[in-house]
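**Student:** can you look at this prediction? I've put the sequence above it.
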Amino acid sequence: RAQYGNTDIDAAINRYMPFIDQYAAAGHRIMLAFTHQTYGEGRDEFYPWSSQTSDKWRQLTTRYSEFIHRAAERFKGKVQAYQIWNEQDTGWNRPDIRAQDIVAAVPLKPEDYAIVLAGGIQAVRSADSTAAVITGGHVGGPGRGPQYARITLQNLPSGLRPDGIACHPYGRGAQGSKRDFMHFGLIDEEIDGYMGIAPDIPVWITEWGVLGPGHEPPPASPEDIADYAARFVQVLKTKYGGKVAAAIWFAWADTMHNGYGLIDRGGKDKSAFLGRFQQL
């Protein structure tokens, strides 16, 4: 049932299962993200998120991990990777970002995120030892992002490591791309930052793409965006082969916030972009 704060994990799994089955049957590799909406959202004892303590994060993680275990158990053999939390480093070491301005993530200190991540890793691996378990997507760029990830790894239990470190390098691209799409710099800088703290752990780009203002996709031409995507992927293949495990485009559709979708608001393929994207 659709109810805020609902904790019926089996109902949620059953809602997702038909879609998971279709993608798995078509041969697609699937990654699922366990966010604060898996467990915690709508729970009075964890509200507001900004008031969470380490003890409360431990309390949340106990139930959160139970939900993750149940889902991974049901999706075994169909889902190849699970991401634990999302954009957890939002605003970290950024005094210019106010808590009330963060609307798309639930951030937490890296020491506390290590508690959540450890619980998630153990929950998935006890249910499906073949699935990869990766960190939430970092958004702190090549400086704060790797710093946050390093502290997280240092606070994990001895011998426990994620299978990947995820990031969302919006605003970064390959040499030669239009400046409009890479105003933060080269994608190389971001990948090198994460590889520098854990060269043995692959980088997962679990969101990348071209964003527009507000809730609208950018007005750029599909040809220019296709060129940006092609250059981006070429760098991953030629310079970081075997080191970057995945690159997931955001968004699927223009209706998904402000990302440039593979399809438009009416569900129609953007042939000028999609055709080239599928060849990458």
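**Tutor:** Thanks, I have it.
**Student:** need the helix or strand of this structure with the lowest average pLDDT.
**Tutor:** Every helix and strand of the chain was ranked by mean pLDDT, DSSP states H and E. The lowest is helix 271-277, at a mean of 92.
**Student:** contacts for that helix, please.
**Tutor:** 222, 223, 225, 226, 229, 230, 249, 260, 262, 263 (C-beta atoms under 8 Å, 6 or more residues apart in numbering). In this view, the C-beta of every residue, glycine as well, is placed from N, C-alpha and C.
**Student:** just the pLDDT for the last one.
**Tutor:** The reference is to residue 263. Here, the pLDDT recorded for residue 263 equals 95.
**Student:** and the first one, by the same measure?
**Tutor:** At residue 222 the predicted local confidence, pLDDT, stands at 93.
**Student:** list the contacts of it.
**Tutor:** 270, 272, 273.
**Student:** out of the residues you listed, who's the most crowded?
**Tutor:** residue 273 (21 neighbours; other C-beta atoms under 10 Å).
**Student:** which stretches of the stretch 1-150 of the chain form helices?
**Tutor:** 9-25, 54-74, 110-127, 141-154 (DSSP state H, counting those that start in this stretch).
**Student:** who touches the last one?
**Tutor:** Read it as helix 141-154. Taking C-beta under 8 Å, 6+ apart as the rule, helix 141-154 contacts 88-89, 92-94, 110-111, 113-114, 117, 135, 138-140, 161, 165, 167, 169, 184-185, 189-190, 192-194, 196-198.
**Student:** can you rerun that using 7 Å?
**Tutor:** In this structure, residues lying in contact with helix 141-154 by C-beta atoms under 7 Å, 6 or more residues apart in numbering are 89, 92-93, 110-111, 113-114, 117, 135, 138-140, 165, 167, 184, 189-190, 192-194, 196-198.
**Student:** also stretch 255-263?
**Tutor:** For stretch 255-263, contacts defined as C-beta under 7 Å, 6+ apart pick out 209-218, 225, 249-254, 265, 269-270, 274, 277.
**Student:** what's the PyMOL syntax to select whichever of those are buried?
**Tutor:** In PyMOL, a selection of the buried entries from the contacts of stretch 255-263 looks like this (16 or more other C-beta atoms under 10 Å):
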select buried, resi 209+210+211+217+218+225+249+250+251+253+254+270+274+277
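**Student:** in helices, which of the contacts of stretch 255-263 fall?
**Tutor:** Those of those mapping onto helices are 225, 274, 277, per DSSP state H.
**Student:** from those residues, which is closest to residue 71?
**Tutor:** Among the ones in helices among the contacts of stretch 255-263, residue 277 lies closest to residue 71 (C-beta to C-beta), at 29.7 Å.
**Student:** distance to residue 61 added to the ones in helices among the contacts of stretch 255-263, as CSV?
**Tutor:** CSV is the format used below for the ones in helices among the contacts of stretch 255-263 (distance: C-beta to C-beta, whole Å):
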residue, distance to residue 61
225, 39
274, 40
277, 38
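**Student:** out of these, who's nearest residue 126?
**Tutor:** residue 277 (37.0 Å).
**Student:** distance of the closest one from residue 157?
**Tutor:** 40 Å (C-beta to C-beta, to the nearest Å).
**Student:** equivalent analysis for residue 275, please.
**Tutor:** 47 Å.
**Student:** and residue 175, by the same measure?
**Tutor:** 40 Å.
**Student:** pLDDT score for the spatially most central residue of the chain?
**Tutor:** Closest to where the C-alpha atoms of the chain average out (C-alpha atoms, centre = their mean) is residue 137, at 3.9 Å. We note a pLDDT of 99 for residue 137 in this prediction.
**Student:** these two touch, right, it and residue 88?
**Tutor:** No - assessed by C-beta atoms under 7 Å, residue 137 is found out of contact with residue 88, at 8.4 Å.
**Student:** can you give me the strands in this protein?
**Tutor:** 31-34, 81-84, 132-135, 165-167, 172-173, 185-186, 203-208, 244-249 (DSSP state E).
**Student:** name the stretch among these that sits most buried.
**Tutor:** strand 165-167 (a mean of 30; mean count of other C-beta atoms under 10 Å).
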